[in-house]
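In: I would like to see how this sequence folds:
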Amino acid sequence: MNERARLERAMRTAIALSESARGWTSPNPPVGAVILDEKGVVAGQGATQPPGGPHAEVVALRHAGLRALGGTAVVTLEPCAHHGRTPPCADALVAAGVRAVHYAVADPGPVAGGGAKALHAAGVEAEGGLLAGEVEAGPLRAWLHYARTGRPHVTWKYAATLDGRAAAADGTSRWISCPESRTEVHAVRAKADAIVVGTGTVRADDPALTARTPGGHQADHQPLRVVVGTGTVPDGARVLDAVAPTAMLRTRDPDVVLAELAERGAVDVLLEGGPRLAGGFAAAGRIDRILAFVAPALLGAGPTALGDAGVSTITEAHRWAVEGVTMSGKDVRISAVPARAGEE
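Out: Presented below is the predicted three-dimensional model:
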């Protein structure tokens, strides 16, 4: 195996480690790291621990021990160079005698960035860009958005029929999507920091908004449940039970909601509200990804998935770029991101 192939294989292991940490590290990034010894053999690996715990590089270095000397570190994010709750990872790599560091994405933060420069200054080879596209669209997607904009990343998840209906004319919606899609949604929830719905959804559907395993048990990680709006919520609503924390925000302003969630350390937000709330977020330009489950069914009447999104004529349509289409049981799963200039 040549050097490039060895580094890419190590980076894919680091990406998997990074994904395993997603949901547990916010507001810190879920980073994965692999240490290769002098012969290019995996000597250590690790993922970022919950806030206050060691970063991925330190976990991997501890695992590698003396085999890190003269070795190579492969990391999904540029090692940090600042003293926060833990010392700089760049210093730890230098102290361990690592010869080279290959990372996927540069840290855009003005505080923690600069690790590559510090490594260079200490005589360590540092190079970025290895499988950067996979990391940016994968485990670091939400955190990078947060670091670049200061706002949590919002994924609007919805299920609809082929004719765009989110419920039947009588308001019933269980179940539009198939069991496989619902299982996947619970896996997505288990990686999110917060789930946002409106008071209308709570009154109409009484959702638990928890993340469950395929076996029906509560997942180890439960996101913050967030109910927004000025409507009432019944005292016995399931969203108020003790399974997971719940925040009540008496506003529908997307920017106010996201500012509050950022204050609470939420980086990755799942929007599961009804058409009115989703329309408000779309009109404000505060949806960063769409995850749609389209069921092969027709209803012909009933509410659509999206309400008023501030579009009065076709030239004002919100345009999106499809980044993936897969089957989820009998449903079609579509992942889309805002179209860039020239993609409309």
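
In: so what touches the longest helix seen in the chain?
Out: For the chain, the longest helix by residue count, based on DSSP state H, is helix 3-21. For helix 3-21, contacts defined as CB atoms under 8 Å, 6 or more residues apart in numbering pick out 1, 30-34, 36, 40, 42, 45-49, 56, 72, 74-76, 102, 104, 130-131, 134-135, 138-140. In this view, the C-beta of every residue, glycine as well, is placed from N, C-alpha and C.

In: repeat the analysis, applying 6 Å as the threshold.
Out: With CB atoms under 6 Å, 6 or more residues apart in numbering as the contact definition, helix 3-21 has outside contacts at 30-34, 36, 40, 47-48, 74, 76, 102, 130-131, 138-139.

In: helix 3-21 and the helix or strand that it is followed by, what's the angle between them?
Out: Per DSSP states H and E, helix 3-21 leads on to strand 32-36 as the next helix or strand towards the C-terminus. Interaxial angle of strand 32-36 relative to helix 3-21 (axes from the mean of the first three to the mean of the last three CA atoms, to 10 degrees): 140 degrees.

In: re earlier: in the longest helix of the chain, what counts as buried?
Out: 6-11, 13-19, 21 (16 or more other CB atoms under 10 Å).

In: could I get the full set of strands for the stretch 51-200 of the chain?
Out: Assigned by DSSP state E, counting those that start in this stretch, the strands in the stretch 51-200 of the chain fall at 72-77, 100-105, 125-128, 153-161, 194-198.

In: so which of the ones you listed is nearest residue 253?
Out: Checking the strands of the stretch 51-200 of the chain against residue 253 by CB to CB gives strand 194-198 as the closest, at 12.3 Å.

In: run the chain-centre distance for the closest one.
Out: 15 Å (CA atoms, centre = their mean, to the nearest Å).

In: who touches that strand?
Out: The contact list for strand 194-198 (CB under 6 Å, 6+ apart) reads 209, 223-226, 228-229, 261, 266, 269-274, 277.

In: just those now: which is nearest residue 338?
Out: Using CB to CB, these come closest to residue 338 at residue 271, 14.4 Å.

In: how much space is there between the closest one and residue 189?
Out: 12 Å (CB to CB, to the nearest Å).

In: rewinding a little: adding mean neighbour count and mean pLDDT, write the strands of the stretch 51-200 of the chain out as a markdown table.
Out: What follows is these, written out as a markdown table (neighbours: other CB atoms under 10 Å; pLDDT from 0 to 100):
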| stretch | mean neighbour count | mean pLDDT |
| --- | --- | --- |
| strand 72-77 | 31 | 98 |
| strand 100-105 | 24 | 98 |
| strand 125-128 | 16 | 96 |
| strand 153-161 | 22 | 97 |
| strand 194-198 | 26 | 96 |
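
In: so can I have CSV of these showing distance to residue 88?
Out: What follows is these, written out as CSV (distance: least, CB to CB, whole Å):
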stretch, distance to residue 88
strand 72-77, 13
strand 100-105, 13
strand 125-128, 13
strand 153-161, 26
strand 194-198, 30
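
In: ok, so of the buried residues of helix 3-21, who is nearest residue 164?
Out: Among those, and counting by CB to CB, the member closest to residue 164 is residue 19, at 31.7 Å.

In: can you pull the pLDDT of that closest one?
Out: The pLDDT attached to residue 19 in the predicted structure is 96.

In: what's the answer for residue 91, then?
Out: Looking at residue 91, its pLDDT stands at 95.

In: same deal with the one 3 residues further on?
Out: At residue 94 the predicted local confidence, pLDDT, stands at 97.
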